[in-house]
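Chemist: heads up, no residue letters with this:
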């Protein structure tokens, strides 16, 4: 496909998203936003309820106290960030200093512009757009730090990244925690020559951790989804399983939640086609091409491994999974694009 076609498709997608968004606000009845979370945040913002489950309602209430809060204005700002700022930050992550024009760059850029889940959560005052925005900024700072040749600059950039990871921790604890862990431990990935060995050691670690009860708080949280019921609950309970049963169920949960292979409805198929297929391809490509990794790729993979481990064990709801996996999806695709570029350069095919 000609690269200009991808740009044209991006323009079409952006135009359609803007049309649907404006249609909702001007009362044409087309809406993908709203929901209990957004209504709760609004009630907390105007002081009707006291909610401190994360920092987002605190920020909204702070704006309200100073006369700066308006639900529609905040929503428009989040929509603008999701449509324009987030794709540009994503572009900063995947591009190299040569500003190459490989087809993979255009395809991945189209992927982030299209991303339906990010769009869904930009149609009201959800916290997700802000979190993706902060995650991309933090990732870019880590990119500069990982690729810096001077130790003092590495320390500076990673200190800033640690501070931002704490901000993300206030939004969603295990997201900020995963970034902080990845910053510390990403160099360890270079100790192993093959990704297959990394995956083997990963499953061994998960088995041992489950056996000694390290994951028990996450499993207990997961059991709450079964009690709550609902059509999108997997029903794969991990609590009380012996190690032999834990790994198969964990892998099955991974396939269903992270890779989106639980295709039981048109919506699930749509999300799989628009979000998951590119990620699956990037994941396979990364497993086959570890020798082309650099420090930033190692950071992204370490983050995705830690973050995925926590939320996949703790979550048993497919709808929530689509929301939670945004960050690891972005990390895997960015890592895949950069690895592809490194491979092309090593073959003498780079621009």
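Modeler: That came in fine, so what should we check first? Just so it is clear, the model here is predicted, and its values are computed rather than measured. Residues are numbered from 1 along each chain as shown.

Chemist: Looks to me like residue 124 is in a strand.
Modeler: No - secondary structure assignment (DSSP: H, G, I helix; E, B strand; the rest coil) places residue 124 in coil, not in a strand.

Chemist: Can you verify my assumption that it contacts residue 75?
Modeler: Yes - counting by CB atoms under 8 Å, residue 124 does reach residue 75; the two are 5.6 Å apart. For every residue, glycine as well, the C-beta is placed using N, CA and C.

Chemist: Show the contacting residues for residue 161.
Modeler: Residues counted as contacts of residue 161 (CB atoms under 8 Å, 6 or more residues apart in numbering) are 138, 141, 142, 145, 179, 183.

Chemist: how about the nearest residue to the fifth one, chain neighbours excluded?
Modeler: To tie it back to what came earlier, the one meant is residue 179. Nearest residue to residue 179, sequence neighbours excluded (CB to CB, 6 or more residues apart in numbering): residue 165, at 4.1 Å.

Chemist: Give the next helix or strand downstream of the helix or strand the one you found falls within.
Modeler: Assessed by DSSP states H and E, residue 165 sits inside helix 151-171. Later in the chain than helix 151-171, the nearest helix or strand by DSSP H and E is helix 173-185.

Chemist: What's the first helix or strand after that following helix?
Modeler: helix 195-211.

Chemist: Now residue 317, what are its backbone angles?
Modeler: Here is the backbone geometry of residue 317 (degrees, to the nearest 10): phi -120, psi 130.

Chemist: Report how many residues lie close to it.
Modeler: Residue 317 has 20 neighbours, counted by other CB atoms under 10 Å.

Chemist: thought it was touching residue 234?
Modeler: Yes - between residue 317 and residue 234 there is a contact under CB under 8 Å: 7.5 Å.

Chemist: in the stretch 201-350 of the chain, what spans have low per-residue confidence?
Modeler: 224-232, 239-242, 349-350 (pLDDT under 70).

Chemist: how about the helices in it?
Modeler: Using DSSP state H, counting those that start in this stretch, the helices of the stretch 201-350 of the chain run over residues 216-228, 243-257, 266-271, 277-288, 295-314, 318-324, 326-346.
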